[in-house]
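Peer 1: any chance you could fold what I've pasted below:
(chains A and B)
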Amino acid sequence: MADQLQITLSVLKVLREMFDRPLAEHYGLELMKGAGLKSGTLYPILSRLEKAGWIEGEWQDGADLGGRPPRKYYKMTTDGMSLARQALAEANQAIEPKRVGSPARPAAGLA
Amino acid sequence: MSANFVSWVTAMASATTAAAIIRATLHVRRLGRERPLRAKLGQAMSTEVEARVTRLPLGIVSLATRRLPEPQRSELRKEWLAELAQIAEETKHYPITSWVLRVWRSMCFALGLVWAGWAIGRDATTPTPMPVPAPVHGASAAKSFVEALAIMNPGDVLTENGQILVMLEGRKIEVRHTNGIIGHIERVSDDTD
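Peer 2: Here you go, the predicted model:
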């Protein structure tokens, strides 16, 4: 499942946004604002995540919308949550600055 | 003479004032006649432009969905149109900038969808690459080979002193592990041997 999905920075942004509230339902416009992505980037990612089974989409119930068209909400699946946790942890580890012993400063006046 | 002159000046002044009043009245009347027409025309034009520009994102969404594969097309179109409606809903609370904000946000959203439509269509038509098996070496390779044999073979798989034996239908098949997860059958004999 995870083999089919390429984890890019944009994918990580979407995952982080969804993972902050893993049980909540998110819609496209909200994720665009939260992750700071354009619609052209977000929707292909949502499509890939849904295809890979990380998230699932569900249509809003049309009973109480006041004439507004129903929206599609996305929610993380159980597998998606654990895979997202793993992907985010790996990304954090990868971008964490490595602690390298800084060279000792030469004493003043000796240079 | 001077009285005549004064009366003449007074008459002229009165006439000029009267003319000015008449001219002003006519001008106001003319303005009164012209203003509603100009205003109506301007309003009609602005409504026309507003309607056309407001509909533009809808046209762009339709264009974007053309690139999508058939099964996803109607669903994504529905989803995107609902988001456009949400943009309109969010911007209606700003009385002065409402229209400009709405058009700007809708256009940005819709133009991005042209790219999204193309990318989703490309993903759908590109076959998913098969995952490449991780290379196996040495002992783990031999173990994988034996496991693979056990999975593929209904018979028993035994290993004796590095020699792999597959017991199948009363026969003993000696298999040699060659390389990676590849092996070959070396000898087939009856189990009674």
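
Peer 1: helix, strand or coil for residue B:116?
Peer 2: Three-state assignment for residue B:116 (DSSP: H, G, I helix; E, B strand; the rest coil): helix.

Peer 1: from residue A:81, how far off is it?
Peer 2: Counting by Cβ to Cβ, to the nearest Å, the gap from residue B:116 to residue A:81 is 25 Å. C-beta coordinates here come from the backbone N, C-alpha and C atoms, glycine included.

Peer 1: go on, residue B:124?
Peer 2: Counting by Cβ to Cβ - residue B:124 and residue A:81 are separated by 26 Å.

Peer 1: of these two, who's got more company?
Peer 2: Each of residue B:124 and residue A:81 had its neighbours counted (other Cβ atoms under 10 Å in any protein chain shown), and the higher figure belongs to residue A:81 (18 against 15).

Peer 1: tell me the pLDDT of that one.
Peer 2: Residue A:81 carries a pLDDT value of 88.

Peer 1: equivalent analysis for residue A:29, please.
Peer 2: In this model, residue A:29 carries a pLDDT of 92.

Peer 1: list the contacts for it?
Peer 2: Residues near residue A:29 by Cβ atoms under 8 Å, 6 or more residues apart in numbering or on different chains: B:83, B:86, B:87, B:109.

Peer 1: look up the closest residue to the second one, ignoring the ones flanking it.
Peer 2: Translated: residue B:86. In this structure, residue B:86 finds its nearest non-sequential neighbour in residue A:29, 5.6 Å apart by Cβ to Cβ, 6 or more residues apart in numbering or on different chains.

Peer 1: which residue ranges of the chain form helices?
Peer 2: Just going to use chain A. Counting by DSSP state H, the segments of chain A that form helices are A:9-20, A:28-35, A:39-51, A:78-95.

Peer 1: that was the other one, I meant chain B.
Peer 2: Under DSSP H, chain B gives helices at B:2-66, B:70-91, B:98-125, B:138-152.

Peer 1: so which of these comes closest to residue A:17?
Peer 2: helix B:70-91 (16.1 Å; Cβ to Cβ).

Peer 1: just the mean pLDDT for that closest one, thanks.
Peer 2: Rounded mean pLDDT across helix B:70-91 is 90.

Peer 1: quick one: contacts of it?
Peer 2: So helix B:70-91 is contacted by A:27-29, A:39, A:43, A:47, A:68-72, B:57-58, B:61-62, B:64-65, B:68, B:97-98, B:101-102, B:105-106, B:109-110, B:113, B:117, B:120, B:124 (Cβ under 8 Å, 6+ apart).

Peer 1: need the pLDDT of residue A:39.
Peer 2: pLDDT at residue A:39 comes out at 93.

Peer 1: now it: how far from chain B?
Peer 2: Separation of residue A:39 from chain B (Cβ to the nearest Cβ, to the nearest Å) stands at 3 Å.

Peer 1: am I right that that residue is in contact with residue A:45?
Peer 2: No - counting by Cβ atoms under 8 Å, residue A:39 stays clear of residue A:45, with 10.7 Å between them.

Peer 1: what's the PyMOL syntax to select whichever of the contacts of helix B:70-91 are buried?
Peer 2: Of these, the buried ones can be selected in PyMOL as follows, counting by 16 or more other Cβ atoms under 10 Å in any protein chain shown:
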select buried, (chain A and resi 27+28+29+39+43+47+71+72) or (chain B and resi 57+61+64+65+68+101+102+105+106+109+110+113+117+120)
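
Peer 1: then stretch B:72-81 to CSV, C-alphas only?
Peer 2: Extracted as CSV, the C-alpha positions of stretch B:72-81 are listed here (Å, rounded to 0.1, in the frame of the first residue of the first chain):
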residue,chain,number,x,y,z
GLN,B,72,-14.0,10.1,-11.4
ARG,B,73,-15.3,12.9,-13.5
SER,B,74,-18.8,13.5,-12.1
GLU,B,75,-17.7,13.0,-8.5
LEU,B,76,-14.8,15.4,-8.7
ARG,B,77,-16.9,17.9,-10.6
LYS,B,78,-19.5,17.8,-7.8
GLU,B,79,-16.8,18.1,-5.1
TRP,B,80,-15.2,21.1,-6.8
LEU,B,81,-18.4,22.9,-7.5
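
Peer 1: chain neighbours aside, what residue packs nearest to residue B:116?
Peer 2: residue A:43 (3.9 Å).

Peer 1: no more questions from me, cheers.
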